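**Q** this one's sequence-less:
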């Protein structure tokens, strides 16, 4: 963080303090150099981002948890604590000032995109990514769907993919990340990735080649193994040792331009396993209906699955 950015962060911290009063020195500092005003506006906008507020709250809770007995007198200087938080969170704050690059696909569409840092991303259908490449951090939000990341190595800029369920921090790798059924599932094809669920006190896991796990409701699943050389959704296949029908249909809807809906919630909880071809979702749904004893009704809105 350069000098102007440091000063801007401290002025922002003072403004965030609930007891802060108008300060002529602040106005004089801004007027002294147009770069001061620009740096301050960047930091201030970032400080108002809800995701940053949550990150700072979590960071403070995790630091304070072991020493609550003396927390009150230390934090009586709220301004100092806030200023330190801004410094600690600066890489996050800076990347939040970057206008996101929105990359998305329609159902049934796959897309390969090369990011400005050299990372290559393959998006499945009905997927959206918001990409911010900052000076100290590369951040991607997986808004929905599934994507495969082949990340360009840059030791100075961590590459982090976030979702409401958790985050994946790249330690130099190629991996697949999927949101579905309220969970974030990571499958590592090369290198190493750290998976962390959302929450204040979190157990993280470092996954290597051929390992898979998911984060859901603040917890991590057990780590499972898979064949990293096997075909996957990028070549039109899904191989699983057991998923709910609801989750399989969610994946089929990313490949289908005809929506598939499960009418009976109990049917959605039924588990299916096998090797599935994804390039003809309607045919696969009809085959599953024959195998598992449910019916398919075709409507003007798509296909409905029911008992």
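**A** Okay, I see it. Only a predicted model underlies this, so the values are computations on that prediction, with no experimental measurement involved.
**Q** so where's the stretch 1-150 of the chain uncertain?
**A** Applying pLDDT under 70 to the stretch 1-150 of the chain flags the ranges 1-2, 6, 13-22, 44-94, 96.
**Q** enumerate the beta-bridge partners assigned to residue 132.
**A** Beta-bridge pairing of residue 132 under DSSP bridges involves residue 139.
**Q** ok, now residue 166?
**A** Note on residue 166: beta-bridge partners by DSSP bridges are residue 163, residue 197.
**Q** that one against residue 219, yeah?
**A** No - using C-beta atoms under 8 Å, residue 166 makes no contact with residue 219, being 9.5 Å away. Heads up, the C-betas are built off the backbone N, CA and C, glycines and all.
**Q** between those two, point out the one with more neighbours.
**A** residue 166 (27 against 14; other C-beta atoms under 10 Å).
**Q** quick one: contacts for that one?
**A** Listed by C-beta atoms under 8 Å, 6 or more residues apart in numbering, the contact set of residue 166 reads 184, 195-198, 215.
**Q** widest-spaced pair of those residues?
**A** Farthest-apart pair in the contacts of residue 166 is 195 and 198; separation 11.3 Å (C-beta to C-beta).
**Q** these two: who's more crowded?
**A** residue 195 (28 against 19).
**Q** that older thread, quick check: neighbours shared by residue 195 and residue 198?
**A** Between them, residue 195 and residue 198 share these contacting residues under C-beta under 8 Å, 6+ apart: 166-167, 215.
**Q** let me know the closest of the residues you listed to residue 280.
**A** For the shared contacts of residue 195 and residue 198, the nearest to residue 280 is residue 215 (31.3 Å; C-beta to C-beta).
**Q** partners of the closest one in the sheet?
**A** Here residue 215 sits in beta bridges with residue 184, residue 220, as judged by DSSP bridges.
**Q** can you start the count at 249 instead of 1 from here on
**A** Happy to do that; since the first residue is 249 now, the last one works out to residue 463.
**Q** ok, it - contacts?
**A** By C-beta under 8 Å, 6+ apart, the contact list for residue 463 reads 413-414, 431-432, 434, 443-446, 469.
**Q** change it to 10 Å
**A** With contact set as C-beta atoms under 10 Å, 6 or more residues apart in numbering, residue 463 has these partners: 411-416, 431-434, 443-447, 450-453, 469.
**Q** hmm, back to that, so can I have TSV of the shared contacts of residue 443 and residue 446 showing distance to residue 499?
**A** Listed next are the shared contacts of residue 443 and residue 446 as TSV, based on distance: C-beta to C-beta, whole Å:
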residue	distance to residue 499
414	19
415	22
463	18
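**Q** check which helix or strand residue 461 maps to.
**A** Taking DSSP states H and E as the definition, residue 461 sits inside strand 459-464.
**Q** let me see the mean pLDDT of that strand.
**A** Here strand 459-464 scores 94 as its mean pLDDT.
**Q** what packs against the helix or strand containing residue 491?
**A** Element membership for residue 491, per DSSP H and E: strand 485-492. Counting by 3 or more C-beta pairs under 10 Å, 6 or more residues apart in numbering; DSSP states H and E, the packing neighbours recorded for strand 485-492 are helix 493-503, strand 519-525.
**Q** which neighbours do residue 414 and residue 467 have in common?
**A** Joint contacts of residue 414 and residue 467 (C-beta under 10 Å, 6+ apart) are 431, 445-447, 450.
**Q** for the helices and strands packed on strand 485-492, give me CSV that also has distance to residue 536, mean neighbour count and mean pLDDT.
**A** Converted to CSV, these look like this (distance: least, C-beta to C-beta, whole Å; neighbours: other C-beta atoms under 10 Å; pLDDT from 0 to 100):
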stretch, distance to residue 536, mean neighbour count, mean pLDDT
helix 493-503, 7, 23, 92
strand 519-525, 6, 14, 89
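**Q** right, so of these, which gets closest to residue 540?
**A** Ranking the helices and strands packed on strand 485-492 by proximity to residue 540 (C-beta to C-beta) places strand 519-525 first, at 6.7 Å.
**Q** which residues does the closest one contact?
**A** Strand 519-525 is contacted by residues 478-479, 481, 484-493, 495-497, 499-500, 503, 531-532, 535-536, 539-540 when judged by C-beta under 10 Å, 6+ apart.
**Q** recalculate using a threshold of 6 Å.
**A** With C-beta atoms under 6 Å, 6 or more residues apart in numbering as the test, strand 519-525 has contacts from 486-490, 492-493, 496, 532.
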